[in-house]
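> Please find the sequence and the predicted model below.
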Amino acid sequence: MANTFQITVPDIGNFDSVEVIDVIVKIGDTIKKEDSLITVESDKASMDIPSTHEGKVTKIDLKVGDKVKQGSNILVIELSGLSDKPQKVENKTETKETAKKETPSQAPSETIAKKPDVTSTHETEVVVLGSGPGGYTAAFRAADLGKKVVLIERYSTLGGVCLNVGCIPSKALLHTAKVITDAEETAAHGVTFGKPNIDLEKIRNWKSNDVVGKLTQGLGAMAKQRQVSVVQGEGEFITPHQIKVTKADGQIETVGFEHCIIAAGSQSTKFPGVKDDPRIMDSTGALELKDIPKRLLIVGGGIIGLEMGTVYDALGSRVSVVELSDGLMQGCDRDLVRPLQKRMEQRFEKIMLNTKVNTIEPKADGIHVSFEFEGKLDSQVYDRVLIAIGRRPNGKAIKAELAGVNVTDQGFIPTNKQMRTNVSHIFAIGDIVGQPMLAHKATHEGKVAAEVIAGHKVEFQAIAIPYVAYTDPEVAWAGMTETEAKLKNIEIEKASFPWAASGRALAMNRSEGTTKLIFDKETHRLIGAGITGISAGELIAETVLAIEMGADAHDLGLTIHPHPTLSETVCFAAEVKEGTITDLYIKKR
């Protein structure tokens, strides 16, 4: 009698059922392990279900349109002779000698650590410490390249700080804020709405369940599809080839590894000397949206603080911002920040620049804050205070030094362009390796690290990394700034297009924006760009591609953009540089 086997739907995550949208095989086909059998679709994404055995298809138990779940029958195969025998796994991991030869540049004082003869709870080829955008990208890419992967995450769901308590929930709240302010401002062109009725519980549930929940659920499903093992708990190194994971119940597991990718991120910087009080928040606390304070002070005029200020202002708080330096959003050219600051000065209670916070003291009637400005002292009382003075890397928190990894006094871990640390088999990516602390930088670094481990000759070579403040208006920039060019004595030519001349911006009643392009004076190539206005974060991507491709103003100006759109302001700015602009009148020199 033929040796047959029934293949069923594996664990596909927290879905009651999913729909079959394609049956890839037919009766009589010979299939191998990992060959795709069917494609199913959830409300998150479509996914292929692979075969667990080798053999010949003799029966198919479902059809397109069927609803299936874990355990549902897919098909029956007649097993081949070797299908259920254990197979020897070829170790594709590069040797340390090969790694040294293929690496063009090493981090300082490279160390090759011996693997200890200590038994671990888990043994793997690649361990990734941290499952933020960089971490899960690195883990999934390594798995796709044939590596056995363990992913360590301290949260109960994948996604790290960014997805659980950072980038994603903040953008959900910023969308809500934009709906509120857009509704307010339609009065200027004849449509008036009543005062919004804000249900904080529903907003919190939508943010946590409909937005964050769906994304984390999708990541969990993709980890299972790729057979990435997830270990939940706080991870720290104990040897160069082992990480100790302390679980929520206090139990300890150890993960032994051949290669490690550190993706442990960063944490909010605390204001020195401030007592713990629930009314004094960091960005995570602010995103919990426990209430709408009458008066909110934001300490720090950077991107995170201004984004949260945008949210709380729309919800009804009187928001003030205090910044030690002479301007908001340091690192961005002042002409790009100016439209944002002007709008915030109209909406916020107060913006205090060149102002030092001396003390923050919680009392029964509120949070008492004392300020110093030009030698003068002032004191105010706020219902809540948000500390947004930056982030610090977690290099010290994971005890990387016990693995022989160099960690700076600030907590950063230096790497070379292949994301390799001074210890040859340990890599690091994301916030922990240095500025800019941006999720999209981390994802590209994660792919590089995974591919280097798999033996590919690659390195991180990005010319321009975009920054975006999802404020109202948004501010985005990439590549060389005008300020940076002046400091480095680089001769540039700049061209700007005011959104006051954009038909689309005028139609949206948001003409305060601007699009600026920065060109190298010698080569005429685009080396930097900045955009302020609605959807600037979406628009900046075109300029990043242009910088990476070495485009010049001629290339951008001859690229036909749809009209009327905000995207054509990039084309118009290039035409300003070329002298071919017809949507503005510029007197010839």
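Nice, thanks for sending it over.
> okay, CA-based contacts and neighbour counts for the rest of this
OK.
> for stretch 458-478, how far is the first residue from the last?
Start-to-end span of stretch 458-478 (C-alpha to C-alpha, to the nearest Å) is 23 Å.
> Give me the mean pLDDT for that stretch.
Averaged over stretch 458-478, pLDDT sits at 96.
> Counting neighbours, which bits of it end up buried?
458-460, 464-478 (16 or more other C-alpha atoms under 10 Å).
> Just those: which are in strands?
Among the buried residues of stretch 458-478, the members falling in strands (DSSP state E) are Y467, V468, A469, E474, V475, A476, W477, A478.
> Grab the nearest non-local neighbour of the last one.
Closest residue in space to A478, ignoring its immediate chain neighbours: P466 at 4.3 Å, by C-alpha to C-alpha, 6 or more residues apart in numbering.
> and the one you found, what does it touch?
Going by C-alpha atoms under 8 Å, 6 or more residues apart in numbering, P466 touches A476, W477, A478, G479, I540, A541, V544.
> Same check on I465?
Contacts of I465 (C-alpha under 8 Å, 6+ apart): K441, A478, G479, V544.
> let's go with 6 Å and repeat that
A478 (C-alpha atoms under 6 Å, 6 or more residues apart in numbering).
> For it, give its distance to E234.
30 Å.
> What is the least confident helix or strand in the chain?
Counting by mean pLDDT, DSSP states H and E, the chain has its least confident helix or strand at helix 96-102, which shows a mean of 33.
> what's next to the helix or strand following that one, contact-wise?
For helix 96-102, the following helix or strand on the C-terminal side (DSSP states H and E) is strand 122-129. Applying C-alpha under 6 Å, 6+ apart, the external contacts of strand 122-129 come out as 148-152, 255-264.
> So which of those residues are in strands?
Per DSSP E, the contacts of strand 122-129 map to strands at V149, V150, L151, I152, V255, G256, F257, E258, H259, C260, I261, I262.
> burial of the first one, as a residue count?
The burial metric for V149, expressed as a neighbour count using other C-alpha atoms under 10 Å, is 28.
> what's the answer for the fourth one, then?
The tally of other residues near I152 (other C-alpha under 10 Å) stands at 28.
> which residues in the stretch 151-300 of the chain form helices?
160-165, 167-185, 200-205, 214-225, 283-287 (DSSP state H, counting those that start in this stretch).
> Pipe the ones you listed into TSV and attach mean neighbour count per row.
TSV is the format used below for those (neighbours: other C-alpha atoms under 10 Å):
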stretch	mean neighbour count
helix 160-165	21
helix 167-185	18
helix 200-205	14
helix 214-225	19
helix 283-287	19
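> Adding mean pLDDT and distance to E34, write the ones you listed out as CSV.
Shown next, in CSV, are these (pLDDT from 0 to 100; distance: least, C-alpha to C-alpha, whole Å):
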stretch, mean pLDDT, distance to E34
helix 160-165, 89, 29
helix 167-185, 94, 33
helix 200-205, 94, 38
helix 214-225, 93, 10
helix 283-287, 94, 40
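> how about the helices in the stretch 1-150 of the chain?
Under DSSP H, counting those that start in this stretch, the stretch 1-150 of the chain gives helices at 96-102, 133-144.
> what comes up buried for stretch 575-589?
Quick answer for stretch 575-589 (16+ other C-alpha under 10 Å): E575, V576, K577, I581.
> Give the rounded mean pLDDT of it.
Mean predicted lDDT for stretch 575-589 stands at 87.
> what do you get for stretch 125-143?
97.
> Can you show me the CA trace of it as PDB?
Extracted in PDB, the C-alpha atoms of stretch 125-143 (Å, rounded to 0.1, in the frame of the first residue of the first chain):
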ATOM      1  CA  GLU A 125      22.400  30.100  13.500                       C
ATOM      2  CA  VAL A 126      21.200  33.700  13.900                       C
ATOM      3  CA  VAL A 127      19.700  35.400  16.900                       C
ATOM      4  CA  VAL A 128      18.200  38.900  16.600                       C
ATOM      5  CA  LEU A 129      17.900  40.900  19.800                       C
ATOM      6  CA  GLY A 130      14.900  43.300  19.400                       C
ATOM      7  CA  SER A 131      11.900  43.000  17.000                       C
ATOM      8  CA  GLY A 132      11.400  46.700  15.900                       C
ATOM      9  CA  PRO A 133      11.400  47.500  12.200                       C
ATOM     10  CA  GLY A 134      15.100  46.800  11.900                       C
ATOM     11  CA  GLY A 135      15.000  43.700  14.000                       C
ATOM     12  CA  TYR A 136      12.100  41.900  12.400                       C
ATOM     13  CA  THR A 137      13.400  42.900   9.000                       C
ATOM     14  CA  ALA A 138      16.800  41.300   9.800                       C
ATOM     15  CA  ALA A 139      15.200  38.200  11.200                       C
ATOM     16  CA  PHE A 140      12.800  37.700   8.300                       C
ATOM     17  CA  ARG A 141      15.500  38.400   5.700                       C
ATOM     18  CA  ALA A 142      17.900  35.900   7.400                       C
ATOM     19  CA  ALA A 143      15.200  33.300   7.400                       C
END
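> Alright, that wraps it up for me.
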